[in-house]
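> Quick check, what structure comes out for this input:
(chains A and B)
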Protein chains: 2
Amino acid sequence: MKLLEERILRDGKVYAGDVLKVDRFLNHQIDVEFLCELGKEFHRLFGNCGVNKILTVEASGIGVACLTAQYFHCPVVFAKKSKTSNIGAELWAAQAHSYTHGTDNTLVVSKEYLGKTDRVLILDDFLANGCAANAMLSLCEQAGAKVVGVGTVIEKAYQKGGDGLRAHGVRVEALARIAAMSPTDGIRFCD
Amino acid sequence: MKLLEERILRDGKVYAGDVLKVDRFLNHQIDVEFLCELGKEFHRLFGNCGVNKILTVEASGIGVACLTAQYFHCPVVFAKKSKTSNIGAELWAAQAHSYTHGTDNTLVVSKEYLGKTDRVLILDDFLANGCAANAMLSLCEQAGAKVVGVGTVIEKAYQKGGDGLRAHGVRVEALARIAAMSPTDGIRFCD
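Numbers count the residues shown, from 1 in each chain, chains lettered A, B, ... in the order given. Predicted structure coming up:
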């Protein structure tokens, strides 16, 4: 998505340690009208898939999920990060390691809000190693929900997450795919 | 707001320990179209105040803040909860105790995204003892930003947060004000 690539080049900052900061518009300050344009693009891609629920994970996925859900006329469910592995019987739970924060989280969703009748679009701001996406896929699998695909605003395509999902037959759509980045050479997008 | 009171009566559940669960539509599953109606109401209340930024706190404030911001045509900034009090020079920081989780958090916002030119509407899903709202007010004060008011979806009016803010001259608007609640007697709203 050209508009997004331009915005990343304008506002994104690359730091050592494989960090792309896009907190000017995506995950600290949120440019709501811009994210609506991203939401329309997700709807163009997945609008004919019968999506009746969007699943994301707190915190930075919630904005893009809510603004996108308007075009699907469906609710959002956000998985919560639990520090405890002592999970009640009323929750679906899956492990996710965060490389960003160096922590292990258990992602949980109430069984009330994810079930067999759901056709789910999984959305997040970033897809890199795929830990969060895989955990959300596991939640859907446990719930017997159908996953129509995974949408991400930005994919670090040089990491294994996106292609790993695709190799397992999951439809993955990224609005911007980064082929390489570094503090010195900047950002190069996939063709 | 009648529509909201009806929804709370229909979908809310009161548990011992002063807990009102509204996670069917507000803070786990998000009824996006319903929250847009709440956003329109916030805009009716604060639309003439020159708001150019909405400040909330992760995670459950983000949905209502983003969906509301569309009517104000302004960005959202969400404060992050930091476990460490070792805060960098580039951040505004304020302490907030969470009675819900029994934890102390430091709320932080990048100095880049909150400053003297901002006219801020503070939004959150709940207002009870006022800890989060007071911390966000402190962030704005440190930044030299003007706070036009505090909006909350639900106020537990029998707790001191809302009236404490009002006593300090802060405009507080709650879309539903709970006068009393208990697992046995249910929910009673303020007149």
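> give the contact list for residue A:129.
Contact analysis of residue A:129 by Cβ atoms under 8 Å, 6 or more residues apart in numbering or on different chains lists A:99, A:159-161. Placement of C-beta: from N, CA and C, glycine included.
> So what's the residue count around residue A:166?
By other Cβ atoms under 10 Å in any protein chain shown, 12 other residues sit near residue A:166.
> Helix, strand, or coil at it?
Assigned by DSSP: H, G, I helix; E, B strand; the rest coil, the conformation of residue A:166 is helix.
> same thing with residue A:68?
Assignment for residue A:68 (three-state DSSP): helix.
> Enumerate every residue touching it.
Going by Cβ under 8 Å, 6+ apart, the list of residues near residue A:68 reads A:35, A:38-39, A:42-43, A:54, A:123, A:151.
> Return the distance of the nearest residue to residue A:61 once chain neighbours are set aside relative to chain B.
Among residues not flanking residue A:61 along the chain, residue A:124 sits closest, at 4.6 Å (Cβ to Cβ, 6 or more residues apart in numbering or on different chains). Here residue A:124 is placed at a distance of 14 Å from chain B (Cβ to the nearest Cβ, to the nearest Å).
> ok, residue A:124 touching residue A:133?
Yes: the criterion here is Cβ atoms under 8 Å, and residue A:124 meets it with residue A:133 at 6.6 Å.
> Give me the more crowded residue out of the two.
residue A:133 (27 against 21).
> Surely the more buried one forms part of a helix?
Yes: assessed by three-state DSSP, residue A:133 belongs to a helix.
> List the residues that contact it.
With the criterion set at Cβ under 8 Å, 6+ apart, residue A:133 makes contact with A:122, A:124, A:127, A:150, A:152, A:161, A:165.
> Put the alpha carbons of stretch A:20-36 into CSV.
What follows is stretch A:20-36, C-alpha atoms only, in CSV (Å, rounded to 0.1, in the frame of the first residue of the first chain):
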residue,chain,number,x,y,z
LEU,A,20,11.1,0.2,13.7
LYS,A,21,9.4,3.0,15.6
VAL,A,22,6.1,4.1,14.1
ASP,A,23,4.7,5.5,17.2
ARG,A,24,3.9,8.8,15.5
PHE,A,25,0.8,7.3,13.8
LEU,A,26,0.4,3.7,14.6
ASN,A,27,1.1,2.5,18.2
HIS,A,28,1.4,5.3,20.6
GLN,A,29,0.0,8.3,18.9
ILE,A,30,-2.7,7.0,16.6
ASP,A,31,-3.6,8.9,13.4
VAL,A,32,-7.2,7.8,13.4
GLU,A,33,-8.1,9.0,9.9
PHE,A,34,-5.1,7.4,8.4
LEU,A,35,-5.9,4.1,10.2
CYS,A,36,-9.4,4.2,8.7
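> Any chance you could list what contacts it?
A:7-8, A:11-15, A:60, A:63-64, A:67-68, A:70, A:125, A:153-154, A:156, A:178, A:181, A:187, B:62, B:66, B:69-70, B:73-78, B:80, B:109-110, B:112-113.
> Return the members of these classed as buried.
Buried members of those, counted by 16 or more other Cβ atoms under 10 Å in any protein chain shown: A:7-8, A:11-12, A:14, A:60, A:63-64, A:67-68, A:70, A:125, A:153-154, A:156, A:178, A:181, A:187, B:62, B:66, B:69-70, B:74-78, B:80, B:109-110, B:113.
> Residue A:12 contacts residue A:186, correct?
No: contact criterion Cβ under 8 Å: residue A:12 and residue A:186 do not qualify, at 9.2 Å.
> who touches both of those two?
Counting by Cβ under 8 Å, 6+ apart, nothing touches both residue A:12 and residue A:186.
> circling back to that earlier point, in JSON lines, list the contacts of residue A:133 along with secondary structure.
As requested, the contacts of residue A:133 are exported to JSON lines (three-state DSSP):
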{"residue": "A:122", "secondary structure": "strand"}
{"residue": "A:124", "secondary structure": "strand"}
{"residue": "A:127", "secondary structure": "strand"}
{"residue": "A:150", "secondary structure": "strand"}
{"residue": "A:152", "secondary structure": "strand"}
{"residue": "A:161", "secondary structure": "helix"}
{"residue": "A:165", "secondary structure": "helix"}
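> of those, closest to chain B?
Using Cβ to the nearest Cβ, the shortest approach to chain B within the contacts of residue A:133 belongs to residue A:124, at 13.6 Å.
> residues contacting the spatially most central residue of chain A?
For chain A, the residue nearest the mean C-alpha position is residue A:124 (1.6 Å; Cα atoms, centre = their mean). Contact partners of residue A:124, counting by Cβ under 8 Å, 6+ apart, are A:56-57, A:60-61, A:64, A:132-133, A:136, A:150-153.
> Residue A:105 now?
A:81-83, A:95-98.
> Stretch A:106-122 near chain B anywhere?
Yes: Stretch A:106-122 is in contact with chain B by Cβ under 8 Å from any Cβ of the partner chain, via A:109-110, A:112-113.
> Also stretch A:145-152?
No: for stretch A:145-152 and chain B, the contact criterion (Cβ under 8 Å from any Cβ) is not met; the two come no nearer than 13.3 Å.
> now what about that stretch, what contacts it?
Against stretch A:145-152 from outside (Cβ under 8 Å, 6+ apart): A:42, A:45-46, A:49-51, A:53, A:68, A:114-127, A:133, A:136-137, A:140, A:162, A:165, A:170-175.
> Strands - which of the residues you listed land there?
Mapping the contacts of stretch A:145-152 onto strands (DSSP state E) picks out A:53, A:119-127, A:172-175.
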